[in-house]
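# let me see the structure of the following:
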Amino acid sequence: MKNLHRTAVIGCGGISRVHIAALKNMDGVRIEAVCDIRPERLQAAAEETGAAPYADWHEAIRREGIDTVHICLPHYLHAPVAIEALSLGKNVLTEKPMAIMTADARAMIAAAEQSAGRLGVVFQNRYNPAVQQARSLIMSGEMGAFLGMKAQVAWNRTPPYYTESGWRGSKTTEGAGVLINQSIHTLDLLSYLGGPIEKVRASAFTGLLEGVIEVEDNAMAVAVYEGGQRAVIHATNNNVTDAPVEVDIYMEKGALKLFGPKLYAVRDENLCLINGGDGLTTVGKSYWGTGHAAQISDFYACLDEGRPFPIDGRSGFPALALVRAILDSSDKGDWVQLEKV
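The predicted structure follows:
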C-alpha cells in the first residue's frame, strides 16, 4: 500500500492550478494546506481542494502532518521557503527557477543534502514525449555525434503582465526577465540534451518594455559546451505573439527539431514528424507544456520507491547558472564561465 502524502501548496496563482489538478488525480496524495496572501485566491484554492487555508507560509509548512511542500510562489521566495521546509524534514517540489541567484541555489542544495526530505525542481519539459524521444535518439548514437544546438523563445509580454503582478519585472523579486521566467525551460534543455556548458558570450537588453521593467526582455548568446560543441540562443518577450519554442539539434548524421510539443527529423531540408507530442494532457497555458503531471507523479513515485528524483537541486542548477552567466557576460562584454555546483 502506498504511503499517504499530506501536501501543502504554497502560492495559489496560475501555476498552482497545474499542481492542484495533478495532485487531485493522484492516489496516495491529499492536499491538506493551501497558502496565499491574496484572499480571493486562497479562498478559491481552499474550496477546490478542501484544504486548510493559510496566509502565512511559515504556518502552512509547519502544519502537523505535512510531509511534502509544493512551491508555486514568486521567484524570490523559492529559496527561503524551500530551505525552511527542508530544515523541517519536508519534501519540496519547487517551480522554476529554483532560486534567483546561484548562491541561494547552493544553499538549497546544501539544505537538501542535510535533510530527511527530498528536493525537486520543476522542469516539466524534460517529461514531454518529444523531448524524451529526442534525448533517446541523441543518447543512442544512431545519428552520430552531437554537434550543437539552436534555441529560440519568441513570446509576447505586455506592460500589465508586469505592473499588475506585484513582483515581475523587478531584479529583487523576479531576479531577471525573459531569461529566468519565460526561457529557463529551454535553457534547461540545452544542457539536458547536449551536456554541460562551459562558457557563454551574450548580450541582454530591455527593448519595448524599457521604462516598465528593470530586467531584460531580449537576450542573445552563444554557448560553448565542455566538449567543444556550441549552442546559439535567442530569447525575447517583444514578439507579436507567443510563438512555439524552437530547438534545433544538430547531429553528425542529421538534425532534429523540437517545435512546440512536436519533434521533427530534418531530412534533405524537409521536416518529417516523428513525435506529435501526444499522450499527456495540458492544464493551464499550452506553452507550459504537457509534462507537469508526469513530473509530479514521478516525484511522488520516487518518494514511495526510494529512488533518486532525476531533477534534484544539482540537476536543476545548470539552467540558473546559464541565466546568471548570460547576464554577467552582457554586463562585462566578455566570455563568462558557468558556475558548477
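# check which helix or strand Gly148 maps to.
Assigned by DSSP states H and E, Gly148 falls within strand 146-154.
# what sits up against that strand?
138, 178, 182-183, 186-187, 189-190, 193-195, 225, 227, 229-236, 239, 243, 245-252 (CB atoms under 8 Å, 6 or more residues apart in numbering). C-beta here means a position set from N, CA and C on the backbone, and glycine is covered the same way.
# the stretch 1-150 of the chain: helices as residue ranges?
Ranges of helices in the stretch 1-150 of the chain, per DSSP state H, counting those that start in this stretch, are 14-24, 39-49, 57-61, 78-87, 102-113, 129-140.
# Asp104 against Ala82, yeah?
No - assessed by CB atoms under 8 Å, Asp104 is found out of contact with Ala82, at 9.1 Å.
# which one of the two has more residues nearby?
Ala82 (33 against 21; other CB atoms under 10 Å).
# next, the contact list for that one, please.
69, 71, 92, 94, 98, 108, 111, 119.
# mind redoing it with 10 Å?
Applying CB atoms under 10 Å, 6 or more residues apart in numbering to Ala82 gives the contacts 10, 61, 69, 71, 73, 90, 92-94, 98-99, 104-105, 107-109, 111-112, 115, 117, 119, 121, 313.
# cool, Gly316 as well?
94, 96-99, 105, 108-109, 119-123, 184, 188, 341.
# swap the cut-off to 7 Å and go again
98, 121, 123 (CB atoms under 7 Å, 6 or more residues apart in numbering).
# doesn't it belong to a helix?
Yes - checked against DSSP: H, G, I helix; E, B strand; the rest coil, Gly316 lies within a helix.
# pLDDT at it, what is it?
Per-residue confidence (pLDDT) for Gly316: 98.
# can you give me the distance of it to His78?
From Gly316 across to His78, the span is 11 Å (CB to CB, to the nearest Å).
# need the overlap of contacts for the two.
Both Gly316 and His78 are contacted by Met98, under the criterion CB under 7 Å, 6+ apart.
# which ones are touching Glu216?
For Glu216, the contacting residues are 176-179, 204-206, by CB under 7 Å, 6+ apart.
# which among those count as buried?
176-179, 204, 206 (16 or more other CB atoms under 10 Å).
# these in strands, which ones?
By the criterion of DSSP state E, membership of these in strands covers Ala204.
# out of the buried ones among the contacts of Glu216, give me the two with the largest separation.
Between any two of the buried ones among the contacts of Glu216, the greatest separation by CB to CB is 12.0 Å, found for Leu179 and Thr206.
# redo the buried ones among the contacts of Glu216 as a markdown table? Include distance to Val336.
Shown next, in a markdown table, are the buried ones among the contacts of Glu216 (distance: CB to CB, whole Å):
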| residue | distance to Val336 |
| --- | --- |
| Ala176 | 14 |
| Gly177 | 18 |
| Val178 | 18 |
| Leu179 | 13 |
| Ala204 | 12 |
| Thr206 | 20 |
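# what's the local residue count around the spatially closest residue to Ile100 that is not a sequence neighbour?
Nearest residue to Ile100, sequence neighbours excluded (CB to CB, 6 or more residues apart in numbering): Gly175, at 3.2 Å. For Gly175, the count of nearby residues is 25 (other CB under 10 Å).
# list the contacts of Phe259.
244, 246.
# and the gap between it and Ile100?
Remark: distance between Phe259 and Ile100 (CB to CB) = 30 Å.
# before we move on, what about Arg157?
Taking CB to CB, one finds Arg157 at 18 Å from Ile100.
# same question, Asn3
Distance from Asn3 to Ile100, by CB to CB: 33 Å.
# show me which of the two is the more surrounded one.
Between Asn3 and Ile100, counted using other CB under 10 Å, the more crowded position is Ile100 (24 against 11).
# that one reaches His75, doesn't it?
Yes - in this structure, Ile100 is within contact of His75 by CB atoms under 7 Å, at 5.4 Å.
# what residues are shared contacts of these two?
Common neighbours of Ile100 and His75, counting by CB under 7 Å, 6+ apart, are Gly175.
# hmm, back to that, which of the contacts of Gly316 lies closest to Gly211?
Distances from Gly211 to the contacts of Gly316, taken by CB to CB, are shortest for Met98, at 30.1 Å.
# next one: the residue lying farthest from the centre of the chain, what pLDDT does it get?
The C-alpha centroid of the chain is most remote from Asp268, which lies 33.8 Å away (CA atoms, centre = their mean). pLDDT, Asp268: 82.
# repeat that for Met251.
What the model reports as pLDDT for Met251 is 97.
# what do you get for Asn128?
95.
# show me the shaky parts of the stretch 201-341 of the chain.
279-290 (pLDDT under 70).
# please redo it, this time with the cut-off set to 80
278-290 (pLDDT under 80).
# now do the strands in it.
Using DSSP state E, counting those that start in this stretch, the strands assigned to the stretch 201-341 of the chain run over residues 218-225, 230-236, 246-251, 254-259, 262-267, 270-275, 336-337.
# between strand 230-236 and the third one, find me the angle.
Counting by axes from the mean of the first three to the mean of the last three CA atoms, to 10 degrees, strand 246-251 points 170 degrees away from the direction of strand 230-236.
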